[in-house]
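[1] Kindly generate the corresponding structure for this input.
(one chain, ligands or ions: 1)
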Amino acid sequence: MTRPANRPVRVGIVGAGMIGQDHARRLCTMLAGAQVTAVADADLGRAQQVAGSLPDARALPTGHDVVASAAVDAVLVTSSGPTHEEFVLAAIGAAKPVFCEKPLAPTPEACLRIVEAEMAGGRRLVQVGFMRRYDDGYRAMKQAVDDGLIGAPLLAHCVHRNATSPPTFTSDMPLTDSAVHEMDVVRWLLADEVTALSVLAGRRSGYAPAQLRDPQLLLMETTSGVHVDVEVFVNCQYGYDVRCELVGETGTVSLPGPAAPVLRSGGAVSAPVAADWRQRFARAYDAELQDWVNSVRDGQGTGPSSWDGYAAAAVARAALTALDSGQRTPVVMKGRPGFYG
Ligand SMILES: NC(=O)c1ccc[n+]([C@@H]2O[C@H](COP(=O)([O-])OP(=O)(O)OC[C@H]3O[C@@H](n4cnc5c(N)ncnc54)[C@H](O)[C@@H]3O)[C@@H](O)[C@H]2O)c1
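    Below is the predicted model:
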């Protein structure tokens with residue numbers, strides 16, 4: 001399908017929940033070169049409500065109608081994780097570029113089916129929503145590593161804290177929903193693969209729901225022997241706090257603190273902590289979606305790939321085994337095909 005060069009990219013959205021609505025607003029009001037033309041949700045009323053709030057969109061009965069619509073050039077999949085595979089595969093089948101929120105799919109096997117379908121089509125069509133790769137702080141860290149400013153990386157220390165978790169959060173979700181961002185960003189920062197990991201769940205916070213082991217500590221090992229510790233604590237109460245420090249042979253590099261005003265008053269120095277991920281990573285979400293729109297316009301897939309989605313799922317699978325068994329667990333992963341560079 002050829003798109004006229006000067007026409008905005010017409011985006012169809014599958015899944016009009018929290019992040020689907022956020023991304024719809026971004027595409028329509030903040031970013032350049034896109035319009036939202038179709039919206040579907042399992043809750044048709046929600047799809048109608050969201051489509052009605054956008055200038056050029058209409059609600060369609062199902063996600064498959066969105067993918068097939070002649071008014072849709074590219075698809076944004078923001079439905080719940082277990083439904084991603086069918087819509088991403090449908091978009092690949094229709095040769096339409098697709099941005100899929102993380103997780104690409106809940107299991108490595110499902111992710112591999114997407115990888116294989118994309119490779120069979122011969123062109124990169126899938127971008128996965130690992131937005132931290134677009135955060136200014138992480139990008140500056142990567143630049144420092146790539147420029148050799150800290151020497152060979154040896155260790156990394158990461159913290160991932162949320163003020164509170166949804167009441168339905170279970171003990172696997174700090175790994176598959178939260179720390180999965182560290183599993184991806186560490187691969188990207190270090191240009192290395194995670195080969196094994198251990199997970200410790202010790203004393204439980206009294207503020208965590210009864211079914212949730214919170215906090216948890218991960219120790220990831222990479223191919224080159226870098227050790228990465230990650231604290232994931234999803235009921236820390238005080239705010240959303242993400243930290244990362246890389247330690248190299250000749251120096252270290254860390255994420256800067258959030259760019260927030262520092263208050264000196266009443267004999268104290270204080271600065272606000274982000275309330276949640278939407279606030280902390282707002283600019284990164286803008287940048288990732290703009291990059292996607294530009295890549296659709298240019299006909300050249302960029303950004304985190306379906307292979308990255310597969311790798312994160314493979315690491316998350318090992319993390320779940322490690323949590324259950326209490327044992328160091330190898331990551332089972334295929335070799336990266338040349339198709340993914
Ligand atoms: N990158 C990030 O930082 C980030 C942040 C939040 C959410 N996410 C991911 O985005 C996805 C959505 O999360 P959310 O917080 O918006 O969830 P949500 O529950 O608010 O929204 C999901 C929506 O999908 C709809 N849906 C479910 N099955 C569907 C189907 N078969 N067809 C069409 N619609 C369907 C639901 O009705 C709901 O409206 C999840 O995969 C989540 O992990 C990523």
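[2] For the helix or strand harbouring residue 217, buried residues please.
    Per DSSP states H and E, residue 217 falls inside strand 216-222. Going by neighbour count (16 or more other Cβ atoms under 10 Å), the buried part of strand 216-222 is 216, 218, 220, 221, 222. Bear in mind the C-beta positions are built from the backbone N, C-alpha and C, glycine included.
[3] Adding distance to residue 276 as columns, could you present the residues you listed in TSV?
    What follows is the buried residues of strand 216-222, written out as TSV (distance: Cβ to Cβ, whole Å):
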residue	distance to residue 276
216	20
218	22
220	25
221	31
222	29
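[4] Format these as TSV; extra columns: pLDDT.
    Formatted as TSV, those follow (pLDDT from 0 to 100):
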residue	pLDDT
216	98
218	98
220	98
221	98
222	98
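[5] what's the burial count for residue 298?
    A count of nearby residues for residue 298, using other Cβ atoms under 10 Å, gives 9.
[6] now whichever residue of the chain sits closest to the ligand, nearest residue through space, not along the chain?
    The nearest approach of the chain to the ligand comes at residue 17, 1.7 Å away (Cβ to the nearest ligand atom). Distances taken as Cβ to Cβ, 6 or more residues apart in numbering put residue 78 closest to residue 17, at 6.8 Å, once the chain neighbours are dropped.
[7] which parts of this protein sit against the ligand?
    14-20, 40-43, 46, 63, 78-81, 83, 101-102, 129, 131, 177, 277 (Cβ under 6 Å from any ligand atom).
[8] Can you tell me which of those residues are classed as buried?
    So, by 16+ other Cβ under 10 Å, the buried ones in these are 14-17, 19-20, 40-41, 46, 63, 78-79, 81, 83, 101-102, 129, 131, 177, 277.
[9] Next step: those restricted to strands.
    If you go by DSSP state E, those have 14, 40 in strands.
[10] The buried ones among the residues of the chain next to the ligand in helices, which ones?
    Among those, DSSP state H puts 19, 20, 46, 63, 277 in helices.
[11] Let me see the ranges of the strands in the stretch 201-341 of the chain.
    Secondary structure of the stretch 201-341 of the chain by DSSP state E, counting those that start in this stretch: the strands cover 216-222, 227-233, 241-248, 252-254, 263-265, 268-270, 329-330.
[12] repeat for the stretch 1-150 of the chain
    9-14, 34-40, 58-59, 74-77, 98-100, 126-128.
[13] The shortest one packs against which elements?
    For strand 58-59, the packing partners by 3 or more Cβ pairs under 8 Å, 6 or more residues apart in numbering; DSSP states H and E come out as strand 34-40, helix 44-52.
[14] Partner strands of it, with direction?
    Strand 58-59 pairs in its sheet with strand 34-40 (parallel), by DSSP bridges.
[15] For the strand it pairs with, give me every contacting residue.
    For strand 34-40, contacts defined as Cβ atoms under 8 Å, 6 or more residues apart in numbering pick out 8-16, 20, 24, 27-28, 47, 50-51, 54-63, 65-66, 69, 71-72, 293.
[16] quick one: it to helix 44-52, angle?
    160 degrees (axes from the mean of the first three to the mean of the last three Cα atoms, to 10 degrees).
[17] Could you check the helix of greatest length in the chain and say which residues are buried?
    Secondary structure of the chain per DSSP H: the longest helix is helix 306-325. For helix 306-325, burial by neighbour count (16+ other Cβ under 10 Å) applies to 306-319, 322-323.
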